[in-house]
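Asks: The sequence and its predicted three-dimensional model are supplied below.
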Amino acid sequence: MLRAVAPITAAHWSRAIAMPNTEPPIETIAQAVGYKKEIIAACQGDALTSGFEPLMTFYLTKNLKPSEIERGASDAGGTNIYGVKYYPYGATTNSQWGYRNVLEAKDVLATMEKVGMPLLLHGEVHVDERGEEVDPYIGEQAFVKEILPQLLETYPKLKISLEHLSSAEAADFIEKHGKEQRLAATIPAHHLLYGRTDIEKRPALRSKPLVKDNSDKERIRTLVTKGLPFVFAGTDSAPHPESKKLSPPIAYGVFSAPVALELYTQVFDELGALDTLENFLSVSGPRFYGLEPSAETITLIKKDWQTTEPVVTDEGVKVWPICDAKHGLGNETIHWQLTR
């Protein structure tokens, strides 16, 4: 799978935050170093992908040690760690190692605050204080109302990114409280494109957090046009084999890497906001992570095209991207194209 999909991301982007919810999860410097080597090896042999830099992260599990946070922040183990990802227990793919409540990880969070390592939040309440499952369509709203304010108050210097923001309530919170180098949010293309009714019967488009109502989509679209330096792109691209996406139980996560760059451009064009696209795609994200934006340039042209073929692994496993003419909404046309 890695050999099939990593070069696609590398051909579109100079860097990517590599998520740690592998099996087993990435909890140590040694595991992060090994995974980084595998990603780079998967991208070898193509001029378009040779300079790609994966930015490694830890998974916030009960096994993650504060000492690993300190080593990861100082590059003492041979690779820098750019963040720690929180997955609520049981909420999404390979989330069985996560805490039920991120506030339980006191020692790790305190160490992250001390060394300046960002906390990357899958911001949902999946199980409430009584141990009962929360409606997944309101999990993010509950997190923003109940948990995020406590995080901000308890750890006033902790850098936080609310990942793959999906609701109007979260958009309101970020617009009001967001701040550079303090509280940011990433937006995936599919939360700018789809509403709940679009994807209910389209398993290839199912992701977590769930796509919300059209009113939520419109609020998020408004948010990204404002040019806020603490709101930027995060594809949340998650490839799954055809067998896990199209047959129950459905694996959550959409494969957007082949089309995300073009889809972001399409949405910003529709919203009359192309002047803010470069900061959203290429400037604000790197600066949040303390990196200089890439000096390279890309060219996109306004040209209609469709994606009709899956990505296929060495073993013949098919991986379908969003906007696929068959497994997407049906006959979707993308209006911008990356040139080579």
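Replies: Structure's in. What do you need?

Asks: And the nearest residue to residue 182 once chain neighbours are set aside, how far from residue 102?
Replies: Distance criterion CB to CB, 6 or more residues apart in numbering; nearest residue to residue 182, sequence neighbours excluded, is residue 159 at 6.4 Å. Every residue, glycine included, has its C-beta placed from N, CA and C. Distance of residue 159 to residue 102, given as CB to CB, to the nearest Å: 14 Å.

Asks: Tell me who's in contact with the residue nearest the centre of the chain.
Replies: The chain has residue 236 as the residue nearest its centroid, 3.1 Å off, counting by CA atoms, centre = their mean. By CB atoms under 8 Å, 6 or more residues apart in numbering, the contact list for residue 236 reads 163-164, 186, 188, 190, 207, 253-254, 256.

Asks: Now do the helices in the protein.
Replies: 2-12, 29-42, 66-74, 106-115, 139-142, 148-154, 168-177, 190-193, 196-199, 214-224, 242-245, 260-270, 277-278, 284-288 (DSSP state H).

Asks: okay if I get the ones you listed as CSV plus mean pLDDT?
Replies: As requested, the helices of the chain are exported to CSV (pLDDT from 0 to 100):
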stretch, mean pLDDT
helix 2-12, 94
helix 29-42, 95
helix 66-74, 94
helix 106-115, 98
helix 139-142, 96
helix 148-154, 98
helix 168-177, 98
helix 190-193, 96
helix 196-199, 91
helix 214-224, 98
helix 242-245, 93
helix 260-270, 97
helix 277-278, 97
helix 284-288, 97
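
Asks: which residues touch the closest residue to residue 4 other than its chain neighbours?
Replies: Spatial nearest neighbour of residue 4, excluding adjacent residues (CB to CB, 6+ apart): residue 313 at 4.3 Å. Counting by CB under 8 Å, 6+ apart, residue 313 touches 1, 3-4, 319.

Asks: and the residues you listed, which are buried?
Replies: With neighbours counted by 16 or more other CB atoms under 10 Å, those contain buried members at 4, 319.

Asks: Show me the two of the contacts of residue 313 that sit farthest apart.
Replies: 3 and 319 (11.8 Å; CB to CB).

Asks: Contacts only, for the closest residue to residue 331 other than its chain neighbours.
Replies: Sequence neighbours aside, residue 325 is the residue nearest to residue 331 in space, at 5.5 Å (criterion: CB to CB, 6+ apart). Contacts for residue 325 (CB under 8 Å, 6+ apart) come out as 306-308, 331-332.

Asks: Pick the one among the residues you listed closest to residue 202.
Replies: Of these, the one sitting nearest to residue 202 (CB to CB) turns out to be residue 332, at 10.9 Å.

Asks: Pull the number of nearby residues for that closest one.
Replies: Per other CB atoms under 10 Å, the neighbour tally for residue 332 reads 15.

Asks: What does the pLDDT read for it?
Replies: Note for residue 332: predicted pLDDT of 90.

Asks: Now the phi/psi pair for it, please.
Replies: phi -70, psi 140 (degrees, to the nearest 10).

Asks: Thought residue 323 was touching it, still the case?
Replies: Yes. The pair residue 332 / residue 323 is scored as a contact, 4.5 Å apart, by CB atoms under 8 Å.

Asks: Not counting residues beside it along the chain, what's closest to residue 26?
Replies: Per CB to CB, 6+ apart, closest to residue 26 is residue 20, 3.6 Å.

Asks: Tell me how many other residues surround the one you found.
Replies: 27.

Asks: That one reaches residue 87, doesn't it?
Replies: No. The pair residue 20 / residue 87 is not scored as a contact, 9.0 Å apart, by CB under 8 Å.

Asks: Find residues that contact each of those two.
Replies: By CB under 8 Å, 6+ apart, the residues touching both residue 20 and residue 87 are residue 59.

Asks: distance from the centroid: which residue in this structure tops it?
Replies: Max distance from the centre of the chain (CA atoms, centre = their mean): residue 130, 29.2 Å.

Asks: Residue 100 versus that one, what's the distance?
Replies: 12 Å.

Asks: one step back: any idea how far the residue nearest to residue 4 is from residue 240?
Replies: Applying CB to CB, the value for residue 313 to residue 240 is 12 Å.

Asks: so what sits against both of the two?
Replies: Overlap of the contact sets of residue 313 and residue 240 (by CB under 8 Å, 6+ apart) consists of residue 319.

Asks: dump the residue contacts of residue 211.
Replies: Per CB under 8 Å, 6+ apart, neighbours of residue 211: 166, 190-191, 194-196, 198-199, 205, 217.

Asks: Same check on residue 43?
Replies: 6-7, 10, 49-50, 52.

Asks: Also residue 206?
Replies: By CB under 8 Å, 6+ apart, the neighbours of residue 206 are 199, 245, 250, 252, 254.

Asks: who wins for neighbours among those residues?
Replies: For the contacts of residue 206, neighbours tallied by other CB under 10 Å; top is residue 254, 30 neighbours.

Asks: Double-check that one against residue 207; I have them as touching.
Replies: Yes. Contact criterion CB under 8 Å: residue 254 and residue 207 qualify, at 4.7 Å.
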